[in-house]
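>>> I need the structure of the sequence given here:
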Amino acid sequence: MTPTLLSQLTTAAVGGPAGTFIEATTEAEIIDAVRTADAAGEQLLIVGGGSNLVVSDAGFPGTVLRIASEGFTVNAEDSCGGVAVVVQAGHNWDALVSHAVLHAWSGIEALSGIPGSTGATPVQNVGAYGADVSQTIAAVRTWDRQRNAVQTFTSSELKFGYRDSILKQSTVDGSPRYVVLTVEFQLPLGRMSAPIRYAELARSLGVEVGKRAYANDVRREVLRLRASKGMVLDAADRDTYSTGSFFTNPIVSPELAATLPADAPRFPEGELVKLSAAWLIDRAGFGKGFGLDADSVAAGRAALSTKHTLAITNRGSASAADLVAVAREVRDGVERHFGIVLHPEPLLIGLEL
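Predicted coordinates for the structure are as follows:
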């Protein structure tokens, strides 16, 4: 039997063979596959939409479980409490956002166009354009591999932070303690969006930051902005063969932020300051398309997107090692230039920067 390649399951289209590949379409199948792998002492890698993984060219020797459970259930819907919707972990995220906007469920419209599955969103507290899922998640139901039991977390128990949660903190080398089964969202009813918190999006909508717009207008503009940056999957566009943003925006002390040029973007993050990784990359000398040259570190097989410096793209024949080589050069260059270390957003499986 021909082994399943991780390159076929990930948006960066790199990665070697899976030792064992299982696709689970129901909660019972997910739990059974996890228990079987754990009982056999096998390593376990969870794959949803594959948009947040870079897997070694050697592949993954254990069990690769692709979660393909789909659908959602509306548990409550009223004008006061809004809608409570419980979504299966494998359900396509953007399909959920589209349904929400069409049915006047507000709150997640700014997260349009993000690839991957719903079950992955709470792990990294997925966010974009001033919004993140922690603002609307009510609970996450999981399988706790240590206790061999179902564990439900409320929003406060998930310890959400910037691209972080207890689900991510308890994941080691891509193998989670808690396997997400369902995610419950609490969404207000209405045609208007949540307040627009991102200046670029507010400008494109013609509203002030903090004001609302029609949710369908927000979705349209977010999809347009993401597409302009190569952040909406398109089989014909090599700029979209990536994990999206490869680096998280660094959060630093005010003292370190003060050492940057005056035009460096800065965003308050409690007592700290969040910086723009894209700005740092560009100002460190790594512009759009860096790496396309045949003499570059990845010989043009992998490069920064020609549309956005945060994405490292597979130009058609890249290996996982090529992607990491570009990432390493960018990370090291930013550290040399600014003294700031960038950290990867995707999980690196069998790889190190």
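>>> how deep is residue 99 tucked in, by neighbour count?
Residues near residue 99, counting by other CB atoms under 10 Å, number 14. All C-beta atoms are positioned from the backbone trio N, CA, C, and that covers glycine.
>>> Tell me if I am right that it is in a helix.
Yes. Assessed by DSSP: H, G, I helix; E, B strand; the rest coil, residue 99 belongs to a helix.
>>> give the contact list for it.
residue 105 (CB atoms under 8 Å, 6 or more residues apart in numbering).
>>> Do you have the helices of the stretch 101-250 of the chain handy? List them.
Under the criterion DSSP state H, counting those that start in this stretch, the stretch 101-250 of the chain contains helices at 166-169, 199-205, 215-228.
>>> any idea whether residue 77 is helix, strand or coil?
Of the three states, residue 77 takes strand according to three-state DSSP.
>>> re the thing from before, just send the helices of the stretch 101-250 of the chain back as CSV, with mean pLDDT and mean neighbour count too.
Shown next, in CSV, are the helices of the stretch 101-250 of the chain (pLDDT from 0 to 100; neighbours: other CB atoms under 10 Å):
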stretch, mean pLDDT, mean neighbour count
helix 166-169, 97, 18
helix 199-205, 97, 17
helix 215-228, 97, 20
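>>> got the residue ranges for the strands in the stretch 101-250 of the chain?
Assigned by DSSP state E, counting those that start in this stretch, the strands in the stretch 101-250 of the chain fall at 127-128, 131-132, 137-144, 149-154, 171-172, 175-176, 178-187.
>>> quick one, which of these is nearest to residue 15?
strand 175-176 (15.7 Å; CB to CB).
>>> Report all helices and strands that that closest one contacts.
When contacts are defined as 3 or more CB pairs under 8 Å, 6 or more residues apart in numbering; DSSP states H and E, strand 175-176 packs onto strand 44-47.
>>> need the contact list for residue 32.
Counting by CB under 8 Å, 6+ apart, residue 32 makes contact with residue 24.
>>> so the nearest residue to residue 292 once chain neighbours are set aside, which of the three states?
Nearest non-adjacent residue to residue 292, counting by CB to CB, 6 or more residues apart in numbering: residue 303, 4.5 Å away. With three-state DSSP as the basis, residue 303 sits in strand.
>>> What residues are bridge-paired with residue 303?
For residue 303, the beta-bridge partners are residue 313 (DSSP bridges).
>>> So what's the residue count around residue 35?
For residue 35, the neighbour count with other CB under 10 Å is 13.
>>> Just confirm it contacts residue 144, I think it does.
No. Using CB atoms under 8 Å, residue 35 is not in contact with residue 144, being 11.5 Å away.
>>> still on that earlier bit, from residue 150, how far off is the residue nearest to residue 292?
The spacing between residue 303 and residue 150, counted by CB to CB, to the nearest Å, is 44 Å.
>>> the more surrounded of the two?
Per other CB under 10 Å, whichever of residue 303 and residue 150 has more neighbours is residue 303, with 28 against 12.
>>> And the pLDDT for the more buried one?
pLDDT recorded at residue 303 is 98.
>>> Distance check, it against residue 138.
Applying CB to CB to residue 303 and residue 138 gives a distance of 41 Å.
>>> swap in residue 95?
In this structure, residue 95 and residue 138 are 20 Å apart, going by CB to CB.
>>> other SSEs contacting the helix or strand harbouring residue 332?
Per DSSP states H and E: residue 332 is located in helix 320-338. Counting contacts by 3+ CB pairs under 8 Å, 6+ apart, helix 320-338 packs against strand 53-55, helix 277-283, strand 302-304, strand 312-314.
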